[in-house]
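*Asks:* mind looking at a prediction? Sequence and model below.
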Amino acid sequence: MIPIFPGVSVITLSRPLSCLAVALALSSTAVVALAREGAGEASAQIRRTSFGVPHILANDERGLGYGIGYAYAQDNLCLLANEVLTVNGERSKFFGAEGKTVEQRDNLDSDLFFTWLNDGDTVKDFLQAQSGAIRDRLQGYAAGYNRALAERRQQGLPVECGTGEWLRPITELDLVKLTRRLLAEGGIGQFAEALVAATPPSVSHVSSTRDFGWALARQQAFASERGSNAIAIGAQRSANGHGLLLANPHFPWVGGLRFYQMHLTIPGQLDVMGAALPGLPVINIGFNRDVAWTHTVDTSKHFTLYRLQLDPKDATRYQVDGQSLPLQQRTLKVLVKRADGTLEPVQRQIHVSRFGPVVQWPGRLDWDGRHAYALRDANLDNTRVLEQWYGINKASGIDVLKTSVASVQGIPWVNTLAVDGSGRALYLNQSVVPYVDQALLAQCSDAAQAGPLVVLDGSRSACDWKIDPAAAQPGIFPAHLQPSLERADFVQNSNDSAWQVNPAQPLTGFSPLISRQDQPLGQRSRFALERLQGRGKLDAQALRGLVFDDEVYLATQELPALLRWCEGAQADVQAVCTSLRAWDGKARADSGLGLVHFANILQALADQPQVWRVAFDPADPQHTPRGLAVEQLAVRRLLHDAALASMTQVHEQGLDNTLRWGQVQQAADGTPVPGGPQALGVYNAMVSVPMGPGKRLVVSGTSYLQVVSFTDQGPQAEGLLVFSQSSESASAHAFDQTRAFAAGQLAPIPFTDAQIKADPHYREYRVGERDEPVSEATTR
């Protein structure tokens with residue numbers, strides 16, 4: 001065992017290579033080694049550095065894909081296999097209908113949904129729409145994964161694969177299905193149960209009584225579990241006059257949206273490093289020699305609902321411009337494993353309008369004799385998403401990146417922030433958004449529908465999404481009508497709208513489907529803007545501190561008032577007050593459980609705007625609302641009730657007031673994890689769930705953490721993949737970066753050839769289609 005940081009170790013390379021691979025590994029340069037390979041054979045050089053991060057070098061796109069798939073399967077074989085099973089609608093076939101997906105969706109609902117989403121013709125059309133380079137990379141990825149699968153079957157599968165009977169070789173079509181699942185995350189994917197349960201009112205179906213509680217909770221948690229922070233510092237505020245970027249995505253620690261860190265190189269064509277989602281052969285967040293970029297989940301709408309005016313004679317027909325049209329029926333079929341092990345076919349009918357499928361959500365979107373609701377998701381026609389990141393990966397500057405995003409329009413549901421070496425800082429809210437402007441919304445929106453959903457009148461063709469020839473896809477906004485801001489000081493975003501990206505230049509006047517102004521800011525945005533105030537110079541350490549300080553911003557603003565209330569609080573809540581007085585106002589591992597009480601109390605007040613002494617003021621969004629009005633009797637009563645409820649909750653969860661936060665919130669291996677709820681303004685946002693008495697398991701939050709500083713010598717980067725490279729518990733790289741994060745350490749990210757080879761844990765090996773399988777996994 002060789003130490004990397006205190007408490008962090010890695011196993012050295014012990015895997016025997018084939019004779020040819022050994023010879024190539026000893027070659028003076030990886031480029032020379034790869035050049036020796038015959039034309040047409042996919043091969044790659046994989047150089048691993050500290051924490052097992054792969055730097056993949058190939059001569060062509062297929063070889064690069066081969067290296068990506070192979071390296072990924074060495075670290076996450078079972079994770080990808082499980083996600084492939086999911087997006088193919090085959091979970092019930094192996095695990096039964098009542099089992100759950102990673103997202104806690106019933107297997108049967110999941111299978112039916114993905115059978116619809118990823119039907120054969122749609123998936124083939126998506127693949128056909130890709131450039132030759134993307135197709136080559138996808139084919140290589142599948143071949144590399146399959147090579148690793150064969151080797152690991154020979155060695156013995158990881159425990160996470162169970163019996164392994166459901167593992168199989170994959171194809172590029174499986175990777176397309178994974179990509180389409182990503183696209184659906186911002187829209188129809190949140191309505192999976194509502195889609196498969198939709199039933200005409202004349203048909204008796206279990207959907208009328210089924211519990212949609214889990215589905216509603218997942219929909220409400222979408223932003224919190226897929227949020228992000230990002231800051232791009234321009235030449236005016238950067239300490240060295242070059243660009244500086246903080247990437248702090250808050251993404252799931254498990255499942256199909258778990259990032260993977262890697263470095264991709266084709267000499268003379270591509271040199272990019274960062275993090276990618278499972279099955280995607282491109283870097284989603286990262287940097288190259290010229291630009292660094294990141295994303296944050298946006299507030300834009302990526303779908304609309306249409307209220308269908310049903311034919312009074314037939315609830316399976318709807319009227320548009322007075323014409324009665326039939327809902328097209330499609331039969332979905334999946335196989336379900338029964339208790340005796342036999343397979344039973346299950347069928348379900350879905351109904352599809354000209355806008356999209358009918359969805360039914362009891363009490364929210366009902367299908368009765370008069371109306372039904374159809375959902376149109378703009379990203380279902382987005383075949384450009386891989387090409388988009390391919391273009392960003394190769395961008396040679398801010399202008400090239402801007403042109404790529406504006407012309408390809410493949411960004412699905414996130415903002416983009418970027419910097420370059422010259423110190424230009426850029427913000428783009430140019431994702432795929434239905435072209436519904438303010439005029440169309442006023443003419444066609446359903447006034448009876450309150451809340452965040454956009455519901456349009458489906459009885460008039462005049463309410464169809466508008467079409468602009470400048471858009472890359474019919475029915476979406478062209479990029480020139482979406483927010484864009486370039487600054488020399490800074491731009492930032494923490495999942496609020498484009499309005500206050502930089503308060504010196506508010507972005508206003510956009511369709512409500514794109515961005516909303518005059519709305520309260522989230523606490524993370526208010527925290528970041530406070531730290532960015534003034535004209536002082538900023539460096540990597542300053543950006544790193546935003547995350548590692550673990551400051552609870554709302555506590556800096558409101559804890560003093562809460563403690564004043566405690567001075568006159570009743571005796572039955574003084575235990576809570578004692579805990580609050582002892583708390584340091586942080587979400588550090590050594591912070592006390594006053595954090596839990598503070599979070600519980602503020603959550604109880606979240607929907608009570610009257611508790612604030614100063615209400616929200618659009619003219620001062622950075623500082624309002626503020627001031628708990630503890631002098632008011634009604635507010636004191638609310639605080640008392642919230643404190644009593646918090647005491648009960650803490651007791652029921654087995655939390656002792658002597659515990660430290662790191663003893664409660666932990667990774668799967670027991671590593672203490674700092675950070676806390678984003679609603680409190682914790683920049684290092686973490687989502688954790690109860691996991692036994694006195695314990696909370698982190699399931700989402702700070703994931704790939706990256707700080708990139710451009711210098712005269714090029715990019716200098718540091719960061720961590722907080723949940724570590726491998727999802728396999730037996731791997732040396734299952735929790736090593738998690739421990740480094742818990743210790744408050746960011747690691748240098750080797751990028752140049754010299755930096756890579758100088759890494760103390762450098763090792764290299766070559767993989768190619770003609771090589772013989774080997775007997776032991778390299779990174780184990």
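*Replies:* Cool, the structure landed.

*Asks:* tell me how many other residues crowd R581.
*Replies:* Taking other CB atoms under 10 Å as the neighbour definition, R581 ends up with a count of 13. Any C-beta I mention is one placed from the backbone N, CA and C, and that applies to glycine too.

*Asks:* my guess is it meets C566, correct?
*Replies:* Yes - assessed by CB atoms under 8 Å, R581 is found in contact with C566 at 7.1 Å.

*Asks:* distance of the spatially closest residue to P672 that is not a sequence neighbour relative to P715?
*Replies:* For P672, ignoring the flanking residues on the chain, the nearest one in space by CB to CB, 6 or more residues apart in numbering is G662 at 2.9 Å. For G662, the distance to P715 (CB to CB, to the nearest Å) stands at 33 Å.

*Asks:* which stretches in the stretch 451-600 of the chain count as strands?
*Replies:* Taking DSSP state E, counting those that start in this stretch as the test, the strands found in the stretch 451-600 of the chain are 455-457, 484-487, 490-493.

*Asks:* just say which of those is most tucked in.
*Replies:* Using mean count of other CB atoms under 10 Å, the stretch among the strands of the stretch 451-600 of the chain with the largest mean neighbour count is strand 490-493, at a mean of 26.

*Asks:* so what are the sheet partners of that strand and their directions?
*Replies:* Applying DSSP bridges, strand 490-493 is found paired with strand 228-233 (antiparallel).

*Asks:* quick one: the next helix or strand after the partner strand to strand 228-233, angle?
*Replies:* Of the helices and strands lying after strand 228-233 in sequence (DSSP states H and E), the nearest is strand 244-252. Using axes from the mean of the first three to the mean of the last three CA atoms, to 10 degrees, the direction of strand 244-252 lies 170 degrees away from that of strand 228-233.

*Asks:* have a look at this structure and report its longest helix.
*Replies:* Taking DSSP state H as the assignment, the helix of the chain that covers the most residues is helix 61-87.

*Asks:* ok, then the element right after whichever helix or strand V405 is part of?
*Replies:* Here V405 is covered by helix 398-408, with elements defined by DSSP H and E. Moving toward the C-terminus from helix 398-408, the first helix or strand encountered (DSSP H and E) is strand 414-420.

*Asks:* so which elements touch whichever helix or strand comes after that following strand?
*Replies:* Toward the C-terminus, strand 414-420 is succeeded by strand 425-428 as the next helix or strand (DSSP H and E). Other helices and strands packing on strand 425-428, by 3 or more CB pairs under 8 Å, 6 or more residues apart in numbering; DSSP states H and E, are strand 228-233, helix 398-408, strand 414-420, strand 484-487, strand 490-493.

*Asks:* tell me which of these sits nearest to T316.
*Replies:* Taking CB to CB as the criterion, strand 414-420 is the member of the helices and strands packed on strand 425-428 that comes nearest to T316, at 37.4 Å.

*Asks:* what are the contacting residues of that closest one?
*Replies:* Residues outside strand 414-420 that contact it (CB atoms under 8 Å, 6 or more residues apart in numbering) are 228, 230-234, 243-245, 290-298, 392, 397-398, 401, 405, 425-431, 491-493, 498, 708, 710.

*Asks:* test my guess that T304 contacts V433.
*Replies:* No - under the contact definition of CB under 8 Å, T304 does not touch V433, with a separation of 10.0 Å.

*Asks:* now stretch 175-194 - C-alpha only, PDB.
*Replies:* Backbone C-alpha positions of stretch 175-194 (Å, rounded to 0.1, in the frame of the first residue of the first chain) are rendered in PDB as follows:
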ATOM      1  CA  LEU A 175     -25.300   3.700 -25.200                       C
ATOM      2  CA  VAL A 176     -27.800   5.600 -27.200                       C
ATOM      3  CA  LYS A 177     -30.500   4.400 -24.800                       C
ATOM      4  CA  LEU A 178     -28.500   5.700 -21.800                       C
ATOM      5  CA  THR A 179     -28.100   9.000 -23.600                       C
ATOM      6  CA  ARG A 180     -31.900   9.300 -24.200                       C
ATOM      7  CA  ARG A 181     -32.500   8.600 -20.500                       C
ATOM      8  CA  LEU A 182     -30.300  11.500 -19.700                       C
ATOM      9  CA  LEU A 183     -32.300  13.700 -22.100                       C
ATOM     10  CA  ALA A 184     -35.500  12.600 -20.500                       C
ATOM     11  CA  GLU A 185     -34.300  13.500 -17.000                       C
ATOM     12  CA  GLY A 186     -35.400  17.100 -17.300                       C
ATOM     13  CA  GLY A 187     -38.900  16.300 -18.600                       C
ATOM     14  CA  ILE A 188     -40.900  13.200 -19.400                       C
ATOM     15  CA  GLY A 189     -38.600  11.100 -17.100                       C
ATOM     16  CA  GLN A 190     -40.200  12.800 -14.100                       C
ATOM     17  CA  PHE A 191     -43.600  11.500 -15.300                       C
ATOM     18  CA  ALA A 192     -42.800   7.900 -15.900                       C
ATOM     19  CA  GLU A 193     -45.500   6.600 -13.500                       C
ATOM     20  CA  ALA A 194     -48.000   9.100 -14.900                       C
END
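
*Asks:* just to revisit the earlier point, please name whichever of the helices and strands packed on strand 425-428 is nearest to Q649.
*Replies:* Checking those against Q649 by CB to CB gives strand 228-233 as the closest, at 28.0 Å.

*Asks:* so where's the stretch 1-150 of the chain uncertain?
*Replies:* Where the stretch 1-150 of the chain drops to pLDDT under 70, the residues are 1-39.

*Asks:* repeat for the stretch 651-780 of the chain
*Replies:* Counting by pLDDT under 70, the stretch 651-780 of the chain shows low-confidence ranges at 772-780.

*Asks:* ranges for the helices of it?
*Replies:* Under the criterion DSSP state H, counting those that start in this stretch, helices of the stretch 651-780 of the chain are mapped to 661-664, 736-742, 753-758.

*Asks:* buried residues of the shortest one, list them for me.
*Replies:* Translated: helix 661-664. Within helix 661-664, the residues that qualify as buried by neighbour count (16 or more other CB atoms under 10 Å) are W661, G662, Q663, V664.
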